[in-house]
Each structure stands twice: as C-alpha cells, then as structure tokens.
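*Asks:* I'd like to go over a predicted model; first the sequence, then the structure.
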Amino acid sequence: MAHEVTRFVDKYPDAAVIARFIAENASRVQVEKTELGSTLIAAMQLWDTYQSAPPEKKILLENVAGLKPENPPRNGGEAAILGLAREMTYAHKENVILVLSEDRRFLSAALGLTQTHVLSTRAFLEGLSRLGKISLEDVWSDIVTNRAGVNSDSVDERAPDEVTNWHSSIDPKIQTPERSITTGSKHPDEKS
C-alpha cells in the first residue's frame, strides 16, 4: 500500500507528502512487505516500463517475445493488507492491529476480522479533531476541494470482542486499553 500511495511522488503532491511522512516517522510507521505486494509492485513497474516504451519496442515485446503486460489490478494494496492482517492475527494473538483506509470496498471487507480495528480516513480525522489536534472543517474542506469522490464514510470499528482505543497513541493522557494496537511485525515464517 505504501508503494501504491507514493508511486508518483514527482507527479502528485500528496504522494510526496505521504512519502516524506513515512520517511520522517520510520520509527513509528512500519511498512510491511508481503508476497502479494511485491508481485503487484513488479507488475506496476513492468506496466510503467511498457507504457513509456517507444512503439517499436512495444511491437518487439508483443510480437517477438509474446509479452503484453496488463494494467495491474486495482485495489491490490488493499488485498495485500487484508492478507497481512490475517497473517498478523495468526502470529501475534497478543496484539490488535489498526488498519486505516479510505477505500469503501476494503473497509467493508476488513470489518469483522479478528484482532483488527478498522478506521476510515474520515473517522481518523474526526478523532484528531476531538483531541484538538486539527480543525476537521478546515482539513476536510481542503480534502474535498482537492480530491473529488473522496469517501466521507466514518468507520471506527473496534476489533470484535476487544477493548481498543487508537486515541491513546495520539494523546498519552488517554487511558491505554487492555490490549495494545500494533503497527505490525513479521510473520514467524517470514524471512527478513
């Protein structure tokens, strides 16, 4: 997912902001690599290379090598996150995972995953506003102005049968829940 949202840092200002945020907060924001994610990144890179190739190279690839890459599937990042969430709940039963997403299909698919707290972008911003960290009206107005079709659904769905509270990660004065929310860690079978 990190690759998906930072893929065009030279083209989209939002991608550059997100890439900078991930780099500056590397100690707090852990980007997990997944097998599906790696496959999708390779497919995206092949597609980008193919799209930028001159017509004579495309003809050579298509006719001689029999290669004509397809556009990578949409929402591949979300599929990779769902798989990772399932793996992490298997490997780390002591933690609850927080998944932040805007995508409607992903939000509905992730609801009900054990040990997974699902949070939409809108609900996250509403929470930050309640904590006095941002002006929801200003931030949301800017988002809607610059991003047509943004998902305005507010989803803050706690993990089933769990007491979770992501707010305590933002404001230490808030009481910590019985179980922590984790940003991720390696599956026991995954090689570094």
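*Replies:* That came through fine. Residues are numbered from 1 along each chain as shown.
*Asks:* farthest residue from the center of this structure?
*Replies:* Within the chain, the residue lying farthest from the chain centre (CA atoms, centre = their mean) is V64, at 38.1 Å.
*Asks:* And that one, how close does it get to E56?
*Replies:* 11 Å (CB to CB, to the nearest Å). Backbone N, C-alpha and C define where each C-beta goes, glycine included.
*Asks:* which residues does L136 contact?
*Replies:* By CB atoms under 8 Å, 6 or more residues apart in numbering, the contact set of L136 is 125-126, 128-129.
*Asks:* meant to ask about E4, not that
*Replies:* If you count contacts by CB under 8 Å, 6+ apart, E4 has them with 76-77.
*Asks:* mind running it again at 7 Å?
*Replies:* By CB atoms under 7 Å, 6 or more residues apart in numbering, the residues touching E4 are G77.
*Asks:* L100 now?
*Replies:* L100 sits next to 119, 121, 124 when contact means CB under 7 Å, 6+ apart.
*Asks:* what secondary structure does the closest residue to the first one other than its chain neighbours sit in?
*Replies:* Leaving out its chain neighbours, the residue that sits closest to L119 by CB to CB, 6 or more residues apart in numbering is L100, at 5.0 Å. Counting by DSSP: H, G, I helix; E, B strand; the rest coil, the backbone at L100 sits in strand.
*Asks:* Check L100 and give its pLDDT.
*Replies:* Looking at L100, its pLDDT is 81.
*Asks:* what about it, distance to A23?
*Replies:* Noted for L100: a distance of 18 Å to A23, by CB to CB.
*Asks:* same deal with V144?
*Replies:* V144 sits 27 Å away from A23, taking CB to CB as the criterion.
*Asks:* Same check on S141?
*Replies:* Per CB to CB, S141 is found 28 Å from A23.
*Asks:* and if you look at I97?
*Replies:* 22 Å.
*Asks:* These two: which is more packed in?
*Replies:* The residue with more neighbours, out of I97 and A23, is I97; 25 against 10, by other CB atoms under 10 Å.
*Asks:* Just say helix, strand or coil for the more buried one.
*Replies:* On the three-state scheme (three-state DSSP), I97 is labelled strand.
*Asks:* Looks like it contacts M88 (just checking).
*Replies:* Yes - using CB atoms under 7 Å, I97 is in contact with M88, at 5.4 Å.
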